[in-house]
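Q: only the shape, not the letters, is given here:
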Ligand code: FAD
């Protein structure tokens with residue numbers, strides 16, 4: 001049975017996903033309580049300083065020692081919380097992955113929620129503080145803060161029954177009173193983000209899976225006195241002055257961070273990626289002192305690494321892991337029936353990357369990546385609200401499983417590996433349109449899609465200066481936008 005008007009809905013997290021969910025569920029007539037462990041809205045955009053970026057180079061041996069002495073390992077800052085657990089989840093020390101010099105990699109004109117444009121005076125590519133301010137304004141304008149309990153950490157979510165419409169018991173504690181409290185809700189919406197648990201390609205941090213190889217020697221002390229860091233803790237390029245650095249992973253963060261570091265570090269800064277170059281072209285980075293090299297396969301000695309082509313790099317001071325993040329829901333008990341597989345990369349079984357097949361009142365907003373996040377969160381929240389209200393009928397469980405299988409086959413036909421199941425990329429537009437059509441709201445416009453594509457193309461052509469382009473969107477059609485670009 002769908003939820004009654006006035007049913008209680010808990011939202012975990014008050015980042016972009018949580019905020020839009022609170023707003024839409026509240027406006028749909030539900031009683032919403034959001035739990036946010038920090039003291040403000042914004043999630044990952046709420047910049048946090050990291051005084052001492054943790055060094056992973058000896059982390060594996062430290063973990064082993066501390067396991068035998070039962071003290072809390074210092075490497076626990078990396079939140080090695082089991083994915084499925086019935087104990088209470090611990091509070092992570094650092095949520096945000098935003099670094100000091102970060103500017104958005106999407107133009108604000110495509111990033112925004114449907115009814116909340118960013119201020120017109122801002123450039124297209126804005127600083128992280130502008131995004132954080134936008135979220136604070138969004139929360140105030142829609143009177144959302146009264147629904148959010150700040151400084152409250154959700155530790156456990158337990159279903160009351162096996163029914164797809166089950167209620168849930170939510171256990172939480174607060175910074176003011178650490179004693180855990182439990183409250184029942186008719187539904188729980190998970191919006192806890194997925195950029196705070198680093199993916200570290202080494203034992204014992206991750207189990208082997210599907211094409212992902214460990215890097216021997218990465219965390220067992222072999223690399224010392226060189227240091228190994230993850231981009232989650234990276235804040236300031238100046239700290240790398242005169243050092244020799246190799247960044248691993250040529251996703252948006254790897255490219256951005258290596259270009260930032262190249263302004264201070266010894267040149268070249270190496271950017272190590274898989275055989276198939278993802279982005280951008282060699283020449284596009286080389287002109288700024290970033291040299292793309294094959295995949296790093298092993299740490300073979302102090303400050304020494306080996307690459308996939310057999311070449312060896314000496315005198316490396318820092319290995320910067322830009323290797324991404326793991327999905328993690330340490331508060332979901334086993335009874336919730338949600339697994340995180342393939343090295344923390346796939347959440348299963350989720351219908352439309354959103355609704356657990358057998359738990360319809362436990363949606364997870366924000367799972368897809370390689371997307372424009374805020375609008376996607378908004379479409380997902382509208383869809384979930386309509387499911388709760390009974391305006392959208394979900395198919396039978398078997399049909400949901402079949403839809404997931406079909407989605408996997410489509411992904412494969414696009415050449416995606418199983419571990420990239422939630423990577424939507426170009427398919428995000430069709431995905432958003434399906435959700436929008438199901439609930440009867442306007443889908444993403446072709447103008448937005450074109451601007452997104454244009455920005456992506458120019459990010460590859462000139463990853464350092466593409467942010468100088470200024471976009472204007474004046475309609476919905478594929479031609480209804482213009483761009484002013486400096487001479488590149
Ligand atoms: P988050 O922002 O992570 O919010 C999750 C919230 O949940 C946090 O506030 C956290 O404190 C809270 N929380 C977690 N667990 C609990 C718990 N158990 N109890 C209580 N509270 C909890 N997107 C763009 O659109 N443009 C960009 O240019 C862009 N650049 C990015 C650059 C970097 C380096 C990163 C990491 C991400 C970037 N993104 C960008 C993506 C960005 O993550 C999304 O835009 C979006 O902010 C994610 O929102 P979220 O609400 O899903 O997660």
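A: Good, I have the coordinates. Since the model is a prediction, treat every value here as computed from it, not as a measurement.
Q: okay, residue 388: pLDDT?
A: For residue 388, the pLDDT comes out at 98.
Q: residues in contact with residue 397?
A: Taking C-beta atoms under 8 Å, 6 or more residues apart in numbering, we find residue 397 in contact with 164, 357, 358. All C-beta atoms are positioned from the backbone trio N, CA, C, and that covers glycine.
Q: now it: phi and psi?
A: Here is the backbone geometry of residue 397 (degrees, to the nearest 10): phi -60, psi -40.
Q: same question for residue 356.
A: phi -60, psi 140.
Q: ok, it - contacts?
A: Each residue near residue 356 by C-beta under 8 Å, 6+ apart is listed here: 336, 337, 338, 349, 350, 362, 363, 364.
Q: could you dump the residues you listed to TSV with pLDDT?
A: TSV is the format used below for the contacts of residue 356 (pLDDT from 0 to 100):
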residue	pLDDT
336	97
337	96
338	97
349	97
350	98
362	98
363	98
364	98
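Q: tell me which of those is nearest to the ligand?
A: Set against the ligand, the nearest of the contacts of residue 356 by C-beta to the nearest ligand atom is residue 364 (9.8 Å).
Q: show me what the closest one bridges to in the sheet.
A: When bridges are called by DSSP bridges, residue 364 pairs up with residue 190.
Q: so who does it touch?
A: Residue 364 touches 189, 190, 191, 329, 338, 347, 350, 354, 356, counting by C-beta under 8 Å, 6+ apart.
Q: what does the stretch 51-200 of the chain have sitting close to the ligand?
A: Where the stretch 51-200 of the chain comes near the ligand, counting by C-beta under 6 Å from any ligand atom, the residues are 95, 97-98, 104-106, 111, 153-154, 191-193, 195.
Q: in JSON lines, list those along with pLDDT and neighbour count.
A: Supplementary listing: these in JSON lines, determined by pLDDT from 0 to 100; neighbours: other C-beta atoms under 10 Å:
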{"residue": "95", "pLDDT": "80", "neighbour count": "21"}
{"residue": "97", "pLDDT": "94", "neighbour count": "22"}
{"residue": "98", "pLDDT": "95", "neighbour count": "23"}
{"residue": "104", "pLDDT": "98", "neighbour count": "20"}
{"residue": "105", "pLDDT": "97", "neighbour count": "17"}
{"residue": "106", "pLDDT": "98", "neighbour count": "21"}
{"residue": "111", "pLDDT": "98", "neighbour count": "22"}
{"residue": "153", "pLDDT": "93", "neighbour count": "22"}
{"residue": "154", "pLDDT": "96", "neighbour count": "26"}
{"residue": "191", "pLDDT": "98", "neighbour count": "27"}
{"residue": "192", "pLDDT": "97", "neighbour count": "26"}
{"residue": "193", "pLDDT": "96", "neighbour count": "23"}
{"residue": "195", "pLDDT": "94", "neighbour count": "20"}
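Q: could you dump the residues you listed into TSV and include secondary structure?
A: Listed next are those as TSV, based on DSSP: H, G, I helix; E, B strand; the rest coil:
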residue	secondary structure
95	coil
97	coil
98	coil
104	coil
105	coil
106	coil
111	helix
153	strand
154	strand
191	coil
192	coil
193	coil
195	coil
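Q: between the residues you listed, which is closest to the ligand?
A: The ligand lies nearest to residue 193 out of these, by C-beta to the nearest ligand atom, at 2.1 Å.
Q: and the closest one, what does it touch?
A: Applying C-beta under 8 Å, 6+ apart, one finds that residue 193 lies in contact with 13, 15, 17, 43, 44, 95, 366.
Q: now do the SS call for the spatially closest residue to residue 241 that is not a sequence neighbour.
A: Of all residues not flanking residue 241 in the chain, residue 264 sits nearest, at 4.3 Å (C-beta to C-beta, 6 or more residues apart in numbering). Following three-state DSSP, residue 264 is assigned to coil.
Q: if you count neighbours, what's buried in stretch 273-290?
A: Buried residues in stretch 273-290, counted by 16 or more other C-beta atoms under 10 Å: 273, 279, 280, 284, 285, 288, 289, 290.
Q: so which of the contacts of residue 364 comes closest to residue 248?
A: Nearest to residue 248 out of these is residue 347 (C-beta to C-beta; 24.2 Å).
Q: please tell me how far the closest one sits from the ligand.
A: Distance, residue 347 to the ligand, using C-beta to the nearest ligand atom, to the nearest Å: 13 Å.
Q: and that residue, that one's in a strand?
A: Yes. Under three-state DSSP, residue 347 sits within a strand.
Q: surely it touches residue 340?
A: Yes. Judged on C-beta atoms under 8 Å, residue 347 makes contact with residue 340 at a distance of 5.7 Å.
Q: okay, these two: which has more neighbours?
A: residue 347 (24 against 19; other C-beta atoms under 10 Å).
Q: ok, now which ones touch that one?
A: Shown in contact with residue 347 (C-beta under 8 Å, 6+ apart): 327, 329, 338, 339, 340, 353, 364, 367, 422.
Q: can you do 7 Å?
A: Contacts here follow C-beta atoms under 7 Å, 6 or more residues apart in numbering; on that basis residue 347 touches 327, 338, 340, 364, 367.
Q: next, the closest residue to it other than its chain neighbours: secondary structure please.
A: Spatial nearest neighbour of residue 347, excluding adjacent residues (C-beta to C-beta, 6+ apart): residue 327 at 5.2 Å. Of the three states, residue 327 takes coil according to three-state DSSP.
Q: neighbours of residue 327, how many?
A: 24.
Q: is it true that it touches residue 339?
A: No. If you go by C-beta atoms under 7 Å, residue 327 and residue 339 don't touch, sitting 10.1 Å apart.
Q: before we move on, the earlier item: residues shared between the contacts of residue 347 and residue 340?
A: In contact with both residue 347 and residue 340: residue 327, using C-beta under 7 Å, 6+ apart.
Q: hmm, back to that, which ones among the buried residues of stretch 273-290 lie within helices?
A: Counting by DSSP state H, the buried residues of stretch 273-290 place 284, 285 in helices.
Q: quick one, helices of the stretch 1-150 of the chain?
A: Under the criterion DSSP state H, counting those that start in this stretch, the stretch 1-150 of the chain contains helices at 16-27, 59-69, 108-111, 128-141.
Q: most packed of these?
A: Of all those, helix 16-27 has the most neighbours on average by mean count of other C-beta atoms under 10 Å, namely a mean of 26.
Q: quick one: the helices in the stretch 201-350 of the chain, in order.
A: 252-261, 282-286.
Q: could those go into a markdown table alongside mean pLDDT and distance to the ligand?
A: Output for these, formatted as a markdown table (pLDDT from 0 to 100; distance: least, C-beta to the nearest ligand atom, whole Å):
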| stretch | mean pLDDT | distance to the ligand |
| --- | --- | --- |
| helix 252-261 | 95 | 5 |
| helix 282-286 | 79 | 18 |
